[in-house]
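Just a sequence and a predicted model for now, questions to come.
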Amino acid sequence: MKTGLITSDTYQNHNTGAGHPEKIDRVTVVIDNFKKLDNKNLVWKKPAKFDKSLLEITHNSDYINFVEKSFPEQGLSFLDGDTIISPGSKEATSDAVGSIITAIDGVQNNEFKNAFCAVRPPGHHAEKSKAMGFCIYNNVAVGAHYLLKKYKLKKVAIIDFDVHHGNGTQDIFYDNEKVLYISTHQFPYYPGTGTEKEKGKYNNIFNIPLPAGTNSDEYLNAYEFVLKKIKEFKPEFILLSAGFDAHKDDPLAQFQLQSEDFYELTKRTLELSKLYCHGKIVSILEGGYDLKALQESTEMHVNALLEFN
């Protein structure tokens, strides 16, 4: 089977200003690398338009209206201290959300077995009514709601291996028993959430806070608790908030993972997913701010998607 690669050129128009870590090159290096590799089992697709009601299930309508009105006609505008938008951000933001919808449809319709969405802006810090940490709409949360609404699924798991806790995703699903949210992250660290005590209304939130300096062995040992929770939950579909900033070279955090570790954790997840959801996995890019590390790590991640699908 094939692996979908969902992306769009519009990310290039999401200008965050000089010196901002969430820059255009992040996706460019990933996409250029996959073009160069030219794997015949990768199915390239552009995101489709999607129904705005999916945003309205995920985010507060006042917040959606605020975002819509915030895109400037020229120059830059701030949604929060870290989250900067430009005129081209409107289309990029929409396409980031549309990518996960397109990827899910492709998997559900057997176009490909699994998929990776190479997009920006990222999404997992965006709460129901707040932009945060470079994130505007919560892409992965919209994807989970889409699976519940369109495909009538009863159990969707989100695994977030970004080095920062996905406070937004946790906020959105805190009282939703159909969605299991699992996060491994550096703690204490930005955004300050993600303790083991945050469990959700239905015990559907599972946080694994880890200290700065966590190395490959320590991380992969901790990841076994992620897989154990997946076994207990038995999801019908798995979404991955795929941040690659746990890499040892990343400037925004202090984990010590190697590029190969992203192959290993993806492989373990895929092997387990075959038991419960026929390997149905869609992954979407979150963080990762060292360009070389990001390029290598996404290649490892997608290699595992291709090999174990």
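Structure's in. What do you need?

and Asp62, how many residues sit next to it?
If you count neighbours by other CB atoms under 10 Å, Asp62 ends up with 9. Just so you know, the C-beta spots here come from the backbone N, C-alpha and C atoms, and that holds for glycine as well.

Look up how far Ser129 lies from it.
Distance, Asp62 to Ser129, using CB to CB, to the nearest Å: 7 Å.

and what of Ser86?
22 Å.

Looking at these two, which has the bigger crowd around it?
The neighbour comparison of Ser86 against Ser129 (other CB under 10 Å) goes to Ser86, with 18 against 13.

Surely the more buried one and Glu73 touch.
No: using CB atoms under 8 Å, Ser86 is not in contact with Glu73, being 10.0 Å away.

Glu56 reaches Ile64, doesn't it?
Yes: look at Glu56 against Ile64 with CB under 8 Å: they come within range, at 6.6 Å.

what about these two, which has more around it?
Taking neighbours as other CB under 10 Å, Glu56 and Ile64 compare with Ile64 leading, 16 against 12.

Helix or strand for the more buried one, just tell me which one.
Assigned by DSSP states H and E, Ile64 belongs to helix 61-70.

Report the buried residues of that helix.
The neighbour-count check on helix 61-70 (16 or more other CB atoms under 10 Å) flags Tyr63, Ile64, Val67, Ser70 as buried.

And for stretch 179-195?
Residues of stretch 179-195 classed as buried under the neighbour-count rule (16+ other CB under 10 Å) are 179-187, 189-191, 193-194.

What's the separation between Gly81 and Tyr190?
On the measure of CB to CB, Gly81 and Tyr190 end up 12 Å apart.

what do the two both touch?
With contacts defined as CB atoms under 8 Å, 6 or more residues apart in numbering, no residue is shared by Gly81 and Tyr190.

how would you label the most centrally placed residue in the chain: helix, strand or coil?
The residue lying closest to the centre of the chain (CA atoms, centre = their mean) is Ser241, at 2.7 Å. Secondary structure assignment for Ser241 (DSSP: H, G, I helix; E, B strand; the rest coil): strand.

For it, which residues are in contact?
Here Ser241 is in contact with 123-124, 140, 158-162, 166, 169, 183, 284, 286 (CB under 8 Å, 6+ apart).

next one: Leu148
Lys154, Val156, Lys178, Val179.

Please repeat the previous calculation with a cut-off of 10 Å.
Ile57, Lys154, Lys155, Val156, Asn176, Lys178, Val179, Phe237 (CB atoms under 10 Å, 6 or more residues apart in numbering).

Could I have the buried ones of those as PyMOL selection syntax?
Here is the PyMOL command that picks out the buried ones among the contacts of Leu148, judged by 16+ other CB under 10 Å:
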select buried, resi 155+156+176+178+179+237
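
between the contacts of Leu148, which is nearest Lys280?
Phe237 (4.8 Å; CB to CB).

Any idea what the closest one is bridged to?
Val156 (DSSP bridges).

how far away is Asn39 from Val282?
Asn39 is 18 Å from Val282, by CB to CB.

Of those two, which one has the most company?
Neighbours per residue, other CB under 10 Å: of Asn39 and Val282, the larger number sits with Val282, 30 against 13.

What separation do you get for the closest residue in space to the more buried one that isn't next to it in sequence and Leu305?
In space, and not counting its chain neighbours, Val282 is closest to Ala103: 4.4 Å by CB to CB, 6 or more residues apart in numbering. Note on Ala103: its distance to Leu305, by CB to CB, is 11 Å.

Give the burial count for the residue nearest to Val282, as a bare number.
27.

Need the per-residue pLDDT for it.
What the model reports for Ala103 is a pLDDT of 98.

Would you map the helices across the stretch 201-309 of the chain?
216-233, 259-277, 291-307 (DSSP state H, counting those that start in this stretch).

Mind checking those helices for the one nearest to Thr16?
Nearest of these (CB to CB): helix 291-307, 14.9 Å.

could you say what helices and strands the closest one packs with?
strand 3-6, helix 25-37, strand 42-45, strand 114-117, strand 237-242, helix 259-277, strand 281-285 (3 or more CB pairs under 10 Å, 6 or more residues apart in numbering; DSSP states H and E).

Right, I'll call it a day here.
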